[in-house]
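Asker: Here is my input; please provide its structure:
(chains A and B)
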There are 2 protein chains.
Amino acid sequence: MAKTMKLILFLLLSFYIFSLVVSSHQHHPLDPLTPSEFTLVRTIVNKSHPSTKHNITFQYIGLDEPDKPVLLSWLSNPKSKPPPRRAFVITRLDKQSHEITVDLSTRSIVSDKIYHGHGYPLLTFDEQIVASELPQTYQPFLKSIKKRNLNLSDVVCSTFTVGWFGEVKSKRVVKLLCFYIDGSVNLYVRPLEGITLVVDLDEMKIVEYYDRFIVPVPKAEGTDYRASKQKPPFGPRLNGAALVQPDGPGFKIDGHTVSWANWVFHLGFDVRAGPIISLASIYDLEKQEISSVFLDSYYAAEDGTPVKISNTFCIFENHAGHIMWRHTELGIPGEVIREVRPEVSLVVRMVSTVGNYDYIIDWEFKPSGSIKLGIGLTGVLEVKGVTYTHVDQIKEDVHGTLLADNTIGVYHDHFLTYYLDLDAELVVVNPNKKTKVGNNVGYRLIPGSVAHPLLSNDDYPQIRGAFTNNNVWVTPYNKSEKWAGGVYVDQSRGDDTLAVWSLRNRQIENKDIVLWYTIGFHHVPCQEDFPLMPTLSGGFELRPTNFFDSNPVLKTRPPNHVHWPNCTTQP
Amino acid sequence: MAKTMKLILFLLLSFYIFSLVVSSHQHHPLDPLTPSEFTLVRTIVNKSHPSTKHNITFQYIGLDEPDKPVLLSWLSNPKSKPPPRRAFVITRLDKQSHEITVDLSTRSIVSDKIYHGHGYPLLTFDEQIVASELPQTYQPFLKSIKKRNLNLSDVVCSTFTVGWFGEVKSKRVVKLLCFYIDGSVNLYVRPLEGITLVVDLDEMKIVEYYDRFIVPVPKAEGTDYRASKQKPPFGPRLNGAALVQPDGPGFKIDGHTVSWANWVFHLGFDVRAGPIISLASIYDLEKQEISSVFLDSYYAAEDGTPVKISNTFCIFENHAGHIMWRHTELGIPGEVIREVRPEVSLVVRMVSTVGNYDYIIDWEFKPSGSIKLGIGLTGVLEVKGVTYTHVDQIKEDVHGTLLADNTIGVYHDHFLTYYLDLDAELVVVNPNKKTKVGNNVGYRLIPGSVAHPLLSNDDYPQIRGAFTNNNVWVTPYNKSEKWAGGVYVDQSRGDDTLAVWSLRNRQIENKDIVLWYTIGFHHVPCQEDFPLMPTLSGGFELRPTNFFDSNPVLKTRPPNHVHWPNCTTQP
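Answerer: Numbers count the residues shown, from 1 in each chain, chains lettered A, B, ... in the order given. Just a heads-up that it's a prediction; the model follows:
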């Protein structure tokens, strides 16, 4: 099944920025829930089910964003009373999924209804840990380990969602695959091939067990990636470097509002979506100071208590050696004119580790008004254990590349779908707004790495992942349509995806629209990806196009005290 | 006509590097011609035409590279006598183009033949200057300037090649267009529309003159890009930054051979091709030290004397905030493992200003073995003067965007063709070389921005630019097939292009092949591009694919003393 991730960009491009700068004393309506708010939500929900509180599990707790009109009217007068703070909660209780909306100001439950549709909510970290430890005391599994002469204490299992392949009835189950660490921390490249377990999460017990065949466990040697475990020859050696900013970094953070150069935006967080960039606005004046930071964030544990994620975001000014603009003029007799401006951008980075894979998610803001959305794929490949040690032995289709002895790197795809809520009051091509000379004001999407799914449309995984059928979708804004793959994506049947909503064929011209963009990668592994992948990058750009009346960075002054051996100050 | 540029990469990937490191005491056979060699060539050629020496013009002087087998045999034993140093020369003499090969060791002319085909050699800088000054004393032109009430001393003209549109007979002519500076140095956005001159370069006189209509000269206000000319409000302000490398930069330059991390390559220069990266080799050991530099280079003036180009190349280590690889492991009970390696690359940059446009040409070498070829387009757009000041006034197709009063930014394309001579002994997919587990050793081309020509194939400019019909071409290596657009590209008729050579349909499998890759841009100008373009970027990547037996940067140690607020050292 295609891995998916959802990032929200609520781009409200405007030239009135002060209205957006919110003092840290009060909540911004889009601020993520605070630890005390998580605790309050937990208390309110538990109270509402006194008898059964002990088996309530919190699958999701997040901010229930105010409706856009409410938010916009508050933005027009931020001194006014902010919209009510609400949380959206999904719990499991007596084998049912409950959707609960909690009002934090009135400390009351606004609605509590049972979800009867297909699919299940997000798995909690806690239940995955418990499930992955069940095999350690499961007799048939112990027998399998013994049969392989392996040491149980070196065996670790981890959870994999089971997807949906046409089953009529379904239970909330998860699959376990196990790995052998013994001598390496790179578990994913050392699968115990042939063994599969299925755990019922509501019962929290193993309900299916298979030991179908035995293949050698790929060897540990050379798979550990820790610096401390490397043996000479080391290298390539890279010299150290330090960045010094005599005037300090140029950005400022007030609550969740980040200001830098000519940009201001709100940076939120959701445990499922990751970074949520909102109210991004760009203007024409001057700004500076305060320090480079990592930001923490919170999510709710299974029991509803807040859990801190340290250094969730890293925000930094990037001096990547690019050139913002330059020109050398030799056409004027007797003069040589050369002007160069180094590019500096602000990067908001989050790294999201999904089991074996690490996704580096960058939002890069440029003074030119351009926004680059970058994705880096690194971490460890998913591999399959085989008997082969040389390509010449392979007679069947192994759907992968032989990376090392007994190790196949399986072909796979990655799809990352961005939710870009570009407020039509103000952006994309807007027939109601023109530049001074009469061009339509707009932003342009410059595509990057795109890939089309290889599965046929009636393949079950593709029915669920049908939102990847196109790289670009446009839908009219609808608060309930936020997750391209649906709210209940675990074992979903694809009946709540972007592809389905689009069939409604609604008006989008001159409406408040949402732009959905999907980055795709076909990953045919190569030996360089073993035992750990050098980062593979992709992304796309949102670039102002007749949004400004002229080059917005023409008046950018070369920064003071630049000592930068990167040609951006080329004489 | 599509702008083209040719970069040569003679990739000889090998693991024997010391054979490639050449002491600076002797010439490397691929070193560009030295000033004294230019002078010697000039003397030898002038001597060979004693009577007429005074009207010889040197249109091109460059290194005549040794034949590949000769070079390879020398490389196998660099202590042996190097191949003879030869120069290839194109002169104009009595209205004819001469192709002369000069042997520098024997100080003799190896061959001197007259070229009878279509097209003309490169224009010299000198003759373009002289031609562009002719209008200043040309009566009809002076009358036109007077008629427009303009000040002659503020008028500058520059040369534009005339192309070929089916003419049966041709002369070596160039077109002049003129601009009005008065109050701005941004001449290109202030055309004297309606006036065209044609200059015969062999006669060096104006042979055609047209003054067809008058439109207002776009205003100077707001077009100057010099920092010294900007008025407040300034901004966006960017803070300064300094890069400090306690151990010094990590690369080393010996003659024209550059070594960095696990890379060694030869950096040459040709006045037409620009940077020539040769003998790039990557290996598995350790290296360091010596300083960040700009490199100078030389070309021949019209009279054959060497001219220095200061700071032609800039070479720097780039700490762009990317992540070479990383992984966080939470799957092992009781342990949290996190390893991050910051990406550092070596960039060889050349900026080539072609009149109004500036092309930033980057060769980026990564320790992973990946080579990124980047192009940045900046500088000033080519514009057309019109009477319009608002889009609503436009009733005809103006083939462009109204950028400002009286200023149309014309739609145009850019095509940049790279010549990648990937030695088949060693690279791309090579059926004769396998990895330990038996995969084909190779490099993979990861395409970037591509665009297909909009002209129909039988359009004259497209007949000449037919090498842009495909983004990728593969030809068997042939020393004479180096310039995708032909040697004599000025007024060429397209009979010597990559597209024509390919019709010969030669064997390429398991041969020494040349890979041609064309980057394309369709440029629909927007107001942000006025009066000077923020850099527009494109490029592609050559990435090792089963070239190494495993991740070549796994053993990269985190650099010492990194103080880098860019998340690559994220805890």
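
Asker: can we go C-alpha only for contacts and neighbour counts from here?
Answerer: Fine.

Asker: mind checking the longest helix of chain A?
Answerer: Criterion DSSP state H: the longest helix present in chain A is helix A:35-48.

Asker: Okay, now the sheet partners of the helix or strand that that helix is followed by, with direction.
Answerer: Counting by DSSP states H and E, the next helix or strand C-terminal to helix A:35-48 is strand A:57-63. Partner strands and pairing direction for strand A:57-63 (DSSP bridges) are strand A:86-93 (antiparallel).

Asker: Could you identify the helix or strand that succeeds the partner strand?
Answerer: Remark: after strand A:86-93, the chain's next helix or strand is strand A:96-103, criterion DSSP H and E.

Asker: Now do that following strand and strand A:86-93, the angle between them.
Answerer: 160 degrees (axes from the mean of the first three to the mean of the last three C-alpha atoms, to 10 degrees).

Asker: if I pick the closest residue to chain B within the stretch 251-400 of chain A, what's in contact with it?
Answerer: Proximity of the stretch 251-400 of chain A to chain B (C-alpha to the nearest C-alpha) peaks at A:Ala320, 4.1 Å away. Residues near A:Ala320 by C-alpha atoms under 8 Å, 6 or more residues apart in numbering or on different chains: A:Glu343, A:Val344, B:Asn318, B:His319, B:Ala320, B:Gly321.

Asker: Starting from B:Glu343, give me the distance back to the fifth one.
Answerer: Here B:Ala320 is placed at a distance of 7 Å from B:Glu343 (C-alpha to C-alpha, to the nearest Å).

Asker: quick one on the thing from earlier: in three-state terms, label the residue of the stretch 251-400 of chain A closest to chain B for me.
Answerer: coil (DSSP: H, G, I helix; E, B strand; the rest coil).

Asker: Name the strands paired with the helix or strand hosting A:Thr312 and say parallel or antiparallel.
Answerer: For A:Thr312, the element it lies in under DSSP H and E is strand A:306-318. Neighbouring strands of strand A:306-318 in its sheet, by DSSP bridges, are strand A:293-300 (antiparallel), strand A:345-354 (antiparallel).

Asker: Pick out the shakiest of those, pLDDT-wise.
Answerer: Per-stretch mean pLDDT for the strands paired with strand A:306-318 is lowest at strand A:293-300 (a mean of 69).

Asker: from the chain's centre, how far out does stretch A:246-263 sit?
Answerer: Put simply, stretch A:246-263 sits 23 Å off its chain's centre (C-alpha atoms, centre = their mean, to the nearest Å).

Asker: Check stretch A:327-345 too.
Answerer: With C-alpha atoms, centre = their mean, you get 41 Å for stretch A:327-345.

Asker: what's the span of it from first residue to last?
Answerer: 20 Å.

Asker: what's the answer for stretch A:116-129, then?
Answerer: The straight-line separation of the ends of stretch A:116-129 (C-alpha to C-alpha) is 27 Å.

Asker: buried sites along that stretch?
Answerer: For stretch A:116-129, burial by neighbour count (16 or more other C-alpha atoms under 10 Å in any protein chain shown) applies to A:His118, A:Gly119, A:Tyr120, A:Pro121, A:Leu122, A:Leu123, A:Thr124, A:Glu127, A:Gln128.

Asker: Quick check: phi and psi at the last one.
Answerer: Pointing back at A:Gln128 there. Dihedral angles of A:Gln128 (phi, psi; degrees, to the nearest 10) stand at phi -70, psi -40.

Asker: hang on, A:Ala300 packs against A:Pro306?
Answerer: Yes: counting by C-alpha atoms under 8 Å, A:Ala300 does reach A:Pro306; the two are 4.5 Å apart.

Asker: out of the two, which sits in the busier spot?
Answerer: A:Ala300 (25 against 21; other C-alpha atoms under 10 Å in any protein chain shown).

Asker: quick one: contacts for the more buried one?
Answerer: With C-alpha under 8 Å, 6+ apart, A:Ala300 has these contacts: A:Phe38, A:Phe58, A:Tyr60, A:Ile61, A:Pro306, A:Val307.

Asker: Could you report the neighbour count for the nearest residue to A:Cys178 once chain neighbours are set aside?
Answerer: Closest residue in space to A:Cys178, ignoring its immediate chain neighbours: A:Cys157 at 3.9 Å, by C-alpha to C-alpha, 6 or more residues apart in numbering or on different chains. Residues lying near A:Cys157 (other C-alpha under 10 Å) number 26.

Asker: for A:Cys157, helix, strand, or coil?
Answerer: strand.

Asker: Could you list which residues are in contact with it?
Answerer: A:Ser132, A:Glu133, A:Pro135, A:Leu176, A:Leu177, A:Cys178, A:Phe179, B:Gly331.
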